[in-house]
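Participant: Structure for this input, please:
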Amino acid sequence: MSGEPLVVVLIGPGGVGKGTLARRLVERDGHLWLSRSWTTRAPRPHESDLDYAFVGREAFARAIDEGRFLEWAEFHGQLYGTPRPTPPAGHDVLLEIDVQGAEQVKRLVPDAVVVLVTAPDDSSLEARLRGRGDDEAHVRARLASAPAEIERGRRLADRVVVNDDPDRAAGEIVSILEGLRRARRTPAGG
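Facilitator: Numbers count the residues shown, from 1 in each chain. Okay, here's the model as predicted:
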């Protein structure tokens, strides 16, 4: 088995439930470590410093200059980035990022496993965006960009999971991870 941690990347349009799934995956799988992304946007009403490192543009730009990110991008006028991961020993890395960031990660970590998370339908995605307190302009921008994100994500993804129920979807992803770990432990040809 490889001594390097498995890198698992959750992607999908905003409002699809990546954050909820990431939290459930870490709760259900004791070998996962969730990397906390940085952002320059303000916290949403339900978010805390456990969800993101909320920083100013100047601090973010300094971290870019210092090479501290595995990936970063500007999306809808805000900067988002993933610090280079340092998981505890024996843990795999879980990243919850956008498609553009996942493309950067795949260039640096070619064996990273990308899981595209989708909503069951467009009305579910819209309801989730509205339910998390986004303003109307942000909801419209996210809905407008979602089809292109999903198409780009399908080309990049190793697996696609429909988040019709967070417990079911998390269970599906845990099963995928268990299969990947078994394959890494089994010698080639054995």
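Participant: For Tyr80, which non-adjacent residue is closest in space?
Facilitator: Of all residues not flanking Tyr80 in the chain, Thr39 sits nearest, at 5.0 Å (C-beta to C-beta, 6 or more residues apart in numbering). From N, CA and C alone the C-beta is placed, and that goes for glycine too.
Participant: and that neighbour, how many residues sit next to it?
Facilitator: Neighbour count for Thr39, taken as other C-beta atoms under 10 Å: 18.
Participant: same deal with Glu149?
Facilitator: Neighbours around Glu149, by other C-beta under 10 Å: 21.
Participant: Surely it touches Gly101?
Facilitator: No: Glu149 is beyond contact range of Gly101, at 11.5 Å (criterion: C-beta atoms under 8 Å).
Participant: Arg152 touches Gly101, doesn't it?
Facilitator: No: counting by C-beta under 8 Å, Arg152 does not reach Gly101; the two are 11.6 Å apart.
Participant: quick one, which of those two is more surrounded?
Facilitator: Neighbours per residue (other C-beta under 10 Å) separate Arg152 from Gly101, with Gly101 holding more: 23 against 17.
Participant: check which helix or strand covers the more buried one.
Facilitator: Counting by DSSP states H and E, the element that carries Gly101 is helix 99-108.
Participant: what helices or strands is that helix leaning on?
Facilitator: strand 7-11, strand 69-75, strand 78-83, strand 92-96, helix 136-156 (3 or more C-beta pairs under 8 Å, 6 or more residues apart in numbering; DSSP states H and E).
Participant: Not counting residues beside it along the chain, what's closest to Ser35?
Facilitator: Ser35's closest residue in space is Pro85 (C-beta to C-beta, 6+ apart), at 4.8 Å.
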